[in-house]
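what would the 3D arrangement of this be:
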Amino acid sequence: MEEPVKPNPGRSLDPIRLLAVVVSLAALLAAACSTGGATGTPVASASSAGASPTAEPSTTAASPSGAPVKLNVGLGYIPSVQFAQFYLADQAGYYRDAGLDVTFQNGRDSDLIPLAAQGQIDIAIADGTSLIPAVSQGIPVRYLATIYAKFPNVVLAKSSSGIKSAADLKGRKIGTPGKYGSSWIMLQGLLASANLTVDDVTVSTYPTYGQLIGLEKGQVDAATGFANNEPVQLAATGETPVVLPIDAIVPLPGNGLIAGTKAIQTKRDALALFISATLRAMTDISADPQKGLDAAITAVPDLATDKAGQLAVLQATIDMWHNAYTDAHGLGAVDRSAWTRSIAFMAGLPGGLVPNPVTAGAIVDDSLLPVLP
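This next block holds a predicted model:
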């Protein structure tokens, strides 16, 4: 996702500059060695809606020697409440009990994906729309587990604007960080659903990610943002936000856990245990958001200055973890059919974002997800 204006704990998740990703990943091609498509193993259905595929992480040691396995974990650019599941799993000992020694490293998607491909980061959270062009170029990274089951990028407006649907965007001024990344892809899909293109609107770019401020000040009629962030902030000002999501139009893949193919081969058991422990924490937080908020405040003490606001962001984030597919198959489950439709959509966009044919099977490796007995 795009970078927020400054390190504010309540702002957006990690930045995505999709074109920058393409350029930086291309530099890895000479050294990258792809293992080809990963088939993966389907995830068994969970016993109840919204439940994690397992109630407890496996107790199998990550290392045959019993020594903790070190994992360098890449999170988004700014430590925030939106990473509460990782903080809780760490503080509650879920990672430790699985035989893992976890270190968090914050960074941009445009950095985390190449680092994962090179093996300098073992596992990271990254946006699915960045994985498609990366794997299309032969970059050896795979998508292992879904974190954001709903695509978080949205268009938002004030209710007083009269905007109620994508069709109402015609002739309007829309603020966005730039003509790149997941927000730009989402905006094109949303407009296309109303038989519109970006030529039917006026695009105002906010390179310093101030499009929400532009919306608040009336500089633009609508703005791109994230469902678990900007609408919450706009509502906090007393405005009633109108939110236009894209999930029902194009099922773009949201953020999930990724790893390089080398790490999948050499640290397979440890990565599987990390995923299981993280999903356990997501289940805990879904049932009791206060647990997630407390863990986030422990990790990022500045969040305590606005507990109510941070809880609202976390509750919106929890909603993003769930959709009909994860309700049926468990948190973390990867909908391959949705990935196939997303690839086709992105391949049809101008700009050559998907330079070479690629399939969901070449991007997704869900064989490390826990399966119900």
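
what's the local residue count around Ser161?
17 (other Cβ atoms under 10 Å). Using the backbone N, CA and C atoms, a C-beta is placed for each residue, glycine as well.

which SS state does the nearest residue to Phe151 once chain neighbours are set aside fall under?
Closest residue to Phe151 apart from its sequence neighbours, by Cβ to Cβ, 6 or more residues apart in numbering: Leu252 at 4.4 Å. At Leu252 the chain is in coil, as set by DSSP: H, G, I helix; E, B strand; the rest coil.

let me see the contact set for Leu252.
Gly128, Thr129, Phe151, Asn153, Ser182, Ile185, Met186, Gly189, Ile246, Ser342, Phe345 (Cβ atoms under 8 Å, 6 or more residues apart in numbering).

which SSE is Leu144 in?
strand 141-146 (DSSP states H and E).

pairing partners for the helix or strand following that strand, with directions?
Moving toward the C-terminus from strand 141-146, the next helix or strand (DSSP H and E) is strand 153-158. Strands that pair with strand 153-158, judged by DSSP bridges, come out as strand 222-226 (antiparallel), strand 241-244 (antiparallel).

figure out which of the ones you listed is closest to Val371.
strand 222-226 (31.0 Å; Cβ to Cβ).

beta-bridge partners for Ser204, please?
Gly175.

any idea how far Ala124 lies from Gly260?
9 Å (Cβ to Cβ, to the nearest Å).

spatially nearest residue to the residue positioned nearest the centre of the chain, not counting backbone neighbours?
Taking Cα atoms, centre = their mean, the centroid of the chain lies closest to Asn255, which sits 1.8 Å from it. With sequence-adjacent residues excluded and distances taken as Cβ to Cβ, 6+ apart, Asn255 is closest to Tyr148, at 4.4 Å.

over to Ala263?
Nearest non-adjacent residue to Ala263 (Cβ to Cβ, 6+ apart): Asp122, at 4.9 Å.

count of residues packed around that neighbour?
Count around Asp122 with other Cβ under 10 Å applied: 26.

wait, it sits on Val73?
Yes. In this structure Asp122 lies within contact range of Val73 using Cβ atoms under 8 Å: 6.8 Å.

list the buried ones in stretch 360-373?
For stretch 360-373, the neighbour count (16 or more other Cβ atoms under 10 Å) marks Ala360, Ala362, Ile363, Val364, Asp365, Asp366, Ser367, Leu368, Leu369, Pro370 as buried.

the nearest residue to the first one once chain neighbours are set aside: which element?
With Cβ to Cβ, 6+ apart as the measure, Trp339 is the residue that lies nearest to Ala360, at 3.9 Å, once sequence neighbours are left out. For Trp339, the element it lies in under DSSP H and E is helix 336-347.

can you list contacts of that helix?
By Cβ under 8 Å, 6+ apart, helix 336-347 touches 128-129, 132-133, 143, 185, 189, 250-253, 325, 353-354, 357-361, 363-364.

quick one: it to chain centroid distance?
Distance, stretch centre to chain centre, for helix 336-347: 16 Å (Cα atoms, centre = their mean, to the nearest Å).

that helix relative to strand 141-146, how many degrees between them?
If you take axes from the mean of the first three to the mean of the last three Cα atoms, to 10 degrees, helix 336-347 sits at 130 degrees to strand 141-146.

need the worst-confidence member of the contacts of Leu252.
Looking at the contacts of Leu252 by pLDDT, the weakest one is Ser182, with 89.

wait, that residue touches Asn153, no?
Yes. In this structure, Ser182 is within contact of Asn153 by Cβ under 8 Å, at 5.1 Å.

so between the two, which is more surrounded?
Higher neighbour count among Ser182 and Asn153: Asn153, with 30 against 27, using other Cβ under 10 Å.

the nearest residue to that one once chain neighbours are set aside: which element?
Of all residues not flanking Asn153 in the chain, Met186 sits nearest, at 4.1 Å (Cβ to Cβ, 6+ apart). For Met186, the host element (DSSP H and E) is helix 181-192.

by contact count, what packs against that helix?
helix 18-26, helix 128-136, strand 153-158, strand 173-176, strand 222-226 (3 or more Cβ pairs under 8 Å, 6 or more residues apart in numbering; DSSP states H and E).

pull the residues that contact that helix.
1-2, 15-19, 127, 129-130, 151, 153-155, 166, 169, 174, 176-178, 197-198, 200-201, 224-225, 244, 246, 249-250, 252, 345-346, 349, 353.

that helix vs strand 222-226, what angle?
130 degrees.

show me how far helix 181-192 is from its chain's centre.
16 Å.

next one: stretch 353-362
19 Å.

and stretch 76-90, by the same measure?
That offset, for stretch 76-90, works out to 12 Å (Cα atoms, centre = their mean).

what comes up buried for that stretch?
Result for stretch 76-90 [16+ other Cβ under 10 Å]: buried residues 76-90.

lowest pLDDT pick from the residues you listed?
Out of the buried residues of stretch 76-90, that is Tyr77, at 80.

measure it to Phe83 for me?
11 Å.

got the domain boundaries for this protein?
18-150+252-363, 153-244 (automatic domain parsing).

comparing those, which yields the minimum mean pLDDT?
Looking at the domains of the chain, the bottom one is domain 18-150+252-363 with a mean of 85.

how about a markdown table for the contacts of Leu252, with distance to Ile213 added?
Shown next, in a markdown table, are those (distance: Cβ to Cβ, whole Å):
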| residue | distance to Ile213 |
| --- | --- |
| Gly128 | 28 |
| Thr129 | 25 |
| Phe151 | 24 |
| Asn153 | 18 |
| Ser182 | 20 |
| Ile185 | 23 |
| Met186 | 20 |
| Gly189 | 25 |
| Ile246 | 23 |
| Ser342 | 31 |
| Phe345 | 30 |
